[in-house]
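Engineer: Structure here, sequence nowhere to be found:
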């Protein structure tokens with residue numbers, strides 16, 4: 001833990017404010033509970049949070065703000081950091097002011113040409129009904145089974161999970177995932193099977209509980225830490241053990257060039273997100289993979305099949321070329337919407 005935070009009794013950042021943009025779902029709530037609030041208590045700083053639904057919306061907000069200071073720190077998917085860095089809207093944090101970075105797996109320390117600081121691993125696979133499947137499904141092809149009519153869900157178009165779903169479909173067809181034309185033609189076959197899109201994770205949970213859904217993906221178990229502990233009541237299971245692989249994305253913390261707060265509070269907050277205890281708490285709360293190699297987790301969390309640790313990132317993990325995804329994202333979002341509307 002950095003010296004500026006260790007001096008908690010002295011409230012080293014008392015009177016300072018940090019404006020944070022994060023997600024509106026339970027992953028964003030976990031940030032408030034396990035990062036923002038304890039950071040405030042340790043430092044005396046005040047964290048003012050704004051929450052929104054997706055990385056696409058975060059990118060749009062920062063682009064709309066331009067050079068007007070609005071946020072100090074944003075947590076988002078890797079593709080968003082690449083796009084905003086390309087727009088020239090991000091500052092490069094000073095790595096010398098992030099001592100916890102030394103404990104982070106070297107593969108996951110920075111990205112977006114130095115503009116993104118690694119945060120946690122977002123992972124996605126298949127969510128399935130444990131009453132429908134005696135064993136976890138082994139392929140995304142299960143979504144095309146005729147018995148799934150009106151019992152399928154897919155991720156919403158603006159989520160990075162939708163890009164993963166396009167990629168997974170291409171791989172299922174024997175391509176490398178970038179064979180988008182084939183993938184969209186195949187996805188069109190699902191149009192009449194879709195019950196809903198997963199904008200509201202709580203609604204998806206209720207639909208599984210009421211036995212209205214069989215399967216969906218690519219989607220993150222992160223939303224269902226509680227439900228996955230109790231499949232007898234939730235009817236929910238999740239799997240990464242899929243023939244075409246599971247998807248892993250390094251999320252980043254970024255700093256806009258135009259920001260209202262000062263550098264001390266910004267760097268202290270980013271470093272706090274990388275603290276071993278904080279990383280462990282976030283992993284247990286929302287099943288995000290910790291990148292601090294010394295993350296403090298319970299034995300149950302260490303053994304959880306739903307929390308992917310850096311050492312598990314083998315051949316089965318599909319890690320996108322973020323520059324490629326940034327280039328195709330807007331086109332793929334449009335095509336995905338048109339294909340499945």
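Structural biologist: Thanks, I have the structure now. As the structure is a computational prediction, the values presented were derived from the model and not from experiment.
Engineer: At which residues are the strands of this structure located?
Structural biologist: 17-23, 46-52, 73-76, 90-91, 110-111, 116-129, 152-154, 194-197, 215-219, 236-239, 246-256, 317-318 (DSSP state E).
Engineer: Neighbours of the residue lying closest to residue 33 once chain neighbours are set aside, how many?
Structural biologist: In this structure, residue 33 finds its nearest non-sequential neighbour in residue 285, 7.4 Å apart by C-beta to C-beta, 6 or more residues apart in numbering. Just so you know, the C-beta spots here come from the backbone N, C-alpha and C atoms, and that holds for glycine as well. If you count neighbours by other C-beta atoms under 10 Å, residue 285 ends up with 19.
Engineer: check contacts around residue 285.
Structural biologist: When contacts are counted by C-beta atoms under 8 Å, 6 or more residues apart in numbering, residue 285 touches 30, 33, 34, 225.
Engineer: And residue 309, by the same measure?
Structural biologist: Neighbours of residue 309 in contact, by C-beta under 8 Å, 6+ apart: 289, 290.
Engineer: Distance of residue 255 relative to residue 31?
Structural biologist: From residue 255 over to residue 31 the distance is 16 Å, taken as C-beta to C-beta, to the nearest Å.
Engineer: higher neighbour count, those two?
Structural biologist: residue 31 (25 against 22).
Engineer: How confident was the prediction at the more buried one?
Structural biologist: Here, the pLDDT recorded for residue 31 equals 96.
Engineer: before we move on, what about residue 79?
Structural biologist: 89.
Engineer: Not counting sequence-adjacent ones, nearest residue to it?
Structural biologist: residue 325 (4.7 Å).
Engineer: any idea where the helices of the protein begin and end?
Structural biologist: 3-6, 26-31, 37-43, 55-65, 78-86, 160-172, 180-187, 201-209, 231-234, 263-273, 276-286, 299-303, 322-340 (DSSP state H).
Engineer: Where does pLDDT dip in the protein?
Structural biologist: Scanning the chain for pLDDT under 70 picks out 1-9.
Engineer: Could you chop this structure up by domain?
Structural biologist: 3-121+248-307, 123-247+318-340 (automatic domain parsing).
Engineer: still on that earlier bit, I'd like the strands of the chain written out as TSV, with distance to residue 296 added.
Structural biologist: Converted to TSV, these look like this (distance: least, C-beta to C-beta, whole Å):
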stretch	distance to residue 296
strand 17-23	22
strand 46-52	22
strand 73-76	20
strand 90-91	30
strand 110-111	23
strand 116-129	14
strand 152-154	34
strand 194-197	36
strand 215-219	28
strand 236-239	24
strand 246-256	20
strand 317-318	24
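Engineer: quick one: which of these is nearest residue 186?
Structural biologist: strand 152-154 (12.7 Å; C-beta to C-beta).
Engineer: what comes into contact with the closest one?
Structural biologist: Contacts with strand 152-154, where a contact means C-beta under 8 Å, 6+ apart, come from 143, 162, 165, 190, 193-198, 204, 207, 213-217, 219, 340.
Engineer: Next up, the contacts around the closest residue to residue 246 other than its chain neighbours.
Structural biologist: For residue 246, ignoring the flanking residues on the chain, the nearest one in space by C-beta to C-beta, 6+ apart is residue 240 at 3.8 Å. Going by C-beta under 8 Å, 6+ apart, residue 240 touches 123, 125, 246, 305, 306, 308, 316.
Engineer: Can you turn the buried part of those into a PyMOL selection?
Structural biologist: In PyMOL syntax, the buried subset of the contacts of residue 240 is picked out as below (16 or more other C-beta atoms under 10 Å):
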select buried, resi 123+125+246+306+308+316
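Engineer: okay but residue 65 is in contact with residue 258, surely?
Structural biologist: Yes. In this structure, residue 65 is within contact of residue 258 by C-beta atoms under 8 Å, at 7.1 Å.
Engineer: Any figure for the gap between the residue sitting nearest the centre point of the chain and residue 83?
Structural biologist: Nearest to the mean C-alpha position of the chain, by C-alpha atoms, centre = their mean, lies residue 122 at 3.9 Å. Per C-beta to C-beta, residue 122 is found 16 Å from residue 83.
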